[in-house]
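Participant: I need the structure of the sequence given here:
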Amino acid sequence: MSSDNSKDNSVQWVLNYYDTNINKLRSDKNYTKESSKTLKFCTKCKKVWEDCRRMGGYWSKSIHHYDDFPSYGKPKETCFKCS
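Facilitator: I've put the predicted structure just below:
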């Protein structure tokens, strides 16, 4: 019976949190829009890729390819591996 009571308390805590912080949560910056600017769809290898050479404040030689990533709406550009 105590587990049911703790579940009710957890649910109530979540509801109270969202009620009091809804305006802050709505105004938080949406980082998914920024990250989607760096993602592109390669027309040759048919994968979504990201140029990570300038991430975190330093230069590297890193290009990430994503096999199971939605390509809808991504700019079409040949990746450096295929070009």
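
Participant: what are the ranges of the strands in this protein?
Facilitator: 39-41, 48-51, 54-55, 58-59, 63-66 (DSSP state E).

Participant: May I see the buried residues of the first one?
Facilitator: Put plainly, it is strand 39-41. 39-41 (16 or more other C-beta atoms under 10 Å). The C-beta positions use only the backbone N, C-alpha and C, and glycine is treated the same way.

Participant: re the thing from before, need the strands of the chain in JSON lines with distance to residue 12, can you?
Facilitator: Below are these laid out as JSON lines (distance: least, C-beta to C-beta, whole Å):
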{"stretch": "strand 39-41", "distance to residue 12": "39"}
{"stretch": "strand 48-51", "distance to residue 12": "41"}
{"stretch": "strand 54-55", "distance to residue 12": "41"}
{"stretch": "strand 58-59", "distance to residue 12": "46"}
{"stretch": "strand 63-66", "distance to residue 12": "39"}
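
Participant: do you know which of those strands lies nearest residue 9?
Facilitator: Among the strands of the chain, the nearest to residue 9 by C-beta to C-beta is strand 63-66 (39.8 Å).

Participant: one step back: CSV please, covering the strands of the chain and showing mean pLDDT.
Facilitator: Below are these laid out as CSV (pLDDT from 0 to 100):
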stretch, mean pLDDT
strand 39-41, 91
strand 48-51, 88
strand 54-55, 59
strand 58-59, 58
strand 63-66, 87
